[in-house]
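Undergrad: Mind looking at a prediction? Sequence and model below.
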Amino acid sequence: MSEWFLDSNIQAELSNEWFDKPEIVAELQLNTTDTKPKKYERLEEAKRLYPYLQDKDFDYVENLTDDKKKGYLEFWEPGDEGPPDGSVKRPEGIALDRMGIEVRNPETRPIDILGDYASHEGIYSDPKLKDIYDRYIATLTDKQLRIKYEGEKKNYGEDRPFKQWAERSGKPGMFRGYTFDQFSEEEINEAYTDEQKNILDEAKKYLGVKKLNYKGKDVTEKIKINRSNQIKNYFTEQGYSKEAVSGILGNIAVESADTFDSTIKQRKGGKAIGIYQMEPPMRKAYEGWLEKNNLEDSGISQSKYIHALIQGTDNSHPEDGGPYLGKGKSETIRKLLSNAKTPEEAAIAFQDYIEKPGTPHTDKRIKKANEYYESD
């Protein structure tokens, strides 16, 4: 429905009495404007994909630009008119007394809209999300934040004091980075502990987060491929043959339910974790090795540990201080992988000496190993 308004020149000539009588001025030729809210496909898609947003009341506008310095989107609090210097002004379409989201980058995804609302409003107004956020923030260290802060200063010209940046941008940004798929796999591996990922996974589940790109396409398979490529490249760089690398990847595919997710846990209450599904004895040795080498847990760190086991250089066994596998076994698996003529031989060797599964599913490991071998 259109609401009428008066052209400023005509308005000046009309008395207040006439101005309050639309039936009178309707006979005049006046300019009118359509005040129906503009529909934005990106917002509609965000609400379709993420029902959590459907009953949320906020204004929304898009002011798209190719200027990367403008960022992807901005959350406007009620009453915020922008910085005192006037460098950024509150956009038209977001009422001063309401909260709102302004999208600036054409590649902003629906999930980014969800992330902006959740990290600026949901963590305060939604008790469930607030609980998850508070538990996550309690685990976040200044060291983690400062790494991100230095990157922001170097790459994006951040000039606010650390504490101010941390409260307004750093902590919400770290919450969004993992939860809403805004960080690369490498950044995630460097920025979050296993405990933090597990907490943020609760937020993902609660909010119905999906792995989608800005066009709404499911990119779960792409993420898996990126993870597997990282592992493949790592072992290749260490000098492993194509057959050996394929055998290792085939085992990981089976152990991780074909996700290559470094945080995946064993089903049915089991205690194994990660892409190699390390059981507690090995996991304890691995955690000691992580601490000794000043590394955070990730798919690459887990693979570095496996490489150290194969080479007999890990020195991480919690009881005897020696290599977890023992020098004899390390030498055996090293030679088996080195001499493997087929992915099948490598897959079986890795299964028998590293994974030692209760239920082997050897046929699946071989099948996956051959798939990786043939995919190059």
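TA: Okay, I see it. Since the structure is predicted, the reported quantities are computational estimates derived from the model, not experimental observations.

Undergrad: end-to-end on stretch 118-127?
TA: 12 Å (Cα to Cα, to the nearest Å).

Undergrad: what does stretch 120-136 give?
TA: 15 Å.

Undergrad: quick one, helices of the stretch 51-200 of the chain?
TA: 110-117, 123-125, 127-139, 142-156, 162-165, 171-179, 185-191, 194-207 (DSSP state H, counting those that start in this stretch).

Undergrad: again, but for the stretch 251-376 of the chain
TA: Under DSSP H, counting those that start in this stretch, the stretch 251-376 of the chain gives helices at 280-292, 299-311, 327-339, 343-350, 362-375.

Undergrad: Point out where this protein drops to low pLDDT.
TA: Scanning the chain for pLDDT under 70 picks out the ranges 1-38, 185-186, 210-221, 267-270, 316-323, 327.

Undergrad: Roughly how far does the spatially closest residue to residue 61 that is not a sequence neighbour sit from residue 308?
TA: Distance criterion Cβ to Cβ, 6 or more residues apart in numbering; nearest residue to residue 61, sequence neighbours excluded, is residue 93 at 3.8 Å. Bear in mind the C-beta positions are built from the backbone N, C-alpha and C, glycine included. Going from residue 93 to residue 308 by Cβ to Cβ, to the nearest Å gives 57 Å.

Undergrad: Same check on residue 159?
TA: 42 Å.

Undergrad: which of those two has more neighbours?
TA: residue 308 (20 against 8; other Cβ atoms under 10 Å).

Undergrad: from memory that one sits against residue 286, does it?
TA: No: the pair residue 308 / residue 286 is not scored as a contact, 9.6 Å apart, by Cβ atoms under 8 Å.

Undergrad: picking that back up, to residue 294, which of the helices of the stretch 51-200 of the chain lies closest?
TA: The closest of those to residue 294 is helix 142-156. By Cβ to Cβ, the value is 11.4 Å.

Undergrad: Can you get me a residue count around residue 89?
TA: The local packing of residue 89 (other Cβ under 10 Å) involves 9 other residues.

Undergrad: same check, this time on residue 239
TA: Neighbour tally, residue 239, other Cβ under 10 Å: 9.

Undergrad: tell me the secondary structure for it?
TA: Following DSSP: H, G, I helix; E, B strand; the rest coil, residue 239 is assigned to coil.

Undergrad: give the contact list for the residue nearest to residue 146 when sequence neighbours are not counted.
TA: For residue 146, ignoring the flanking residues on the chain, the nearest one in space by Cβ to Cβ, 6+ apart is residue 162 at 6.9 Å. Contact partners of residue 162, counting by Cβ atoms under 8 Å, 6 or more residues apart in numbering, are 145-146, 149.

Undergrad: PyMOL command for the buried members of the residues you listed?
TA: Command for PyMOL that selects the buried part of the contacts of residue 162, burial taken from 16 or more other Cβ atoms under 10 Å:
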select buried, resi 145+149
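
Undergrad: with the contacts of residue 162 in mind, which one is nearest to residue 81?
TA: Nearest to residue 81, judged by Cβ to Cβ, of the contacts of residue 162 is residue 149 at 26.6 Å.

Undergrad: Tell me the spacing between that closest one and residue 161.
TA: For residue 149, the distance to residue 161 equals 10 Å [Cβ to Cβ].

Undergrad: Give me the common contacts of these two.
TA: With Cβ under 8 Å, 6+ apart as the test, residue 149 and residue 161 reach no residue in common.

Undergrad: Strands of the stretch 1-150 of the chain, start to end?
TA: 3-4, 32-33, 59-62, 73-76, 100-103 (DSSP state E, counting those that start in this stretch).

Undergrad: Can you add distance to residue 325 and mean neighbour count and give those back as a markdown table?
TA: Supplementary listing: the strands of the stretch 1-150 of the chain in a markdown table, determined by distance: least, Cβ to Cβ, whole Å; neighbours: other Cβ atoms under 10 Å:
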| stretch | distance to residue 325 | mean neighbour count |
| --- | --- | --- |
| strand 3-4 | 77 | 11 |
| strand 32-33 | 75 | 10 |
| strand 59-62 | 57 | 18 |
| strand 73-76 | 50 | 20 |
| strand 100-103 | 53 | 22 |
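
Undergrad: Out of those strands, the one nearest residue 153 is which?
TA: strand 73-76 (19.8 Å).

Undergrad: how is this protein carved up into domains?
TA: Per automatic domain parsing, the structural domains of the chain span 3-33, 41-207, 221-375.
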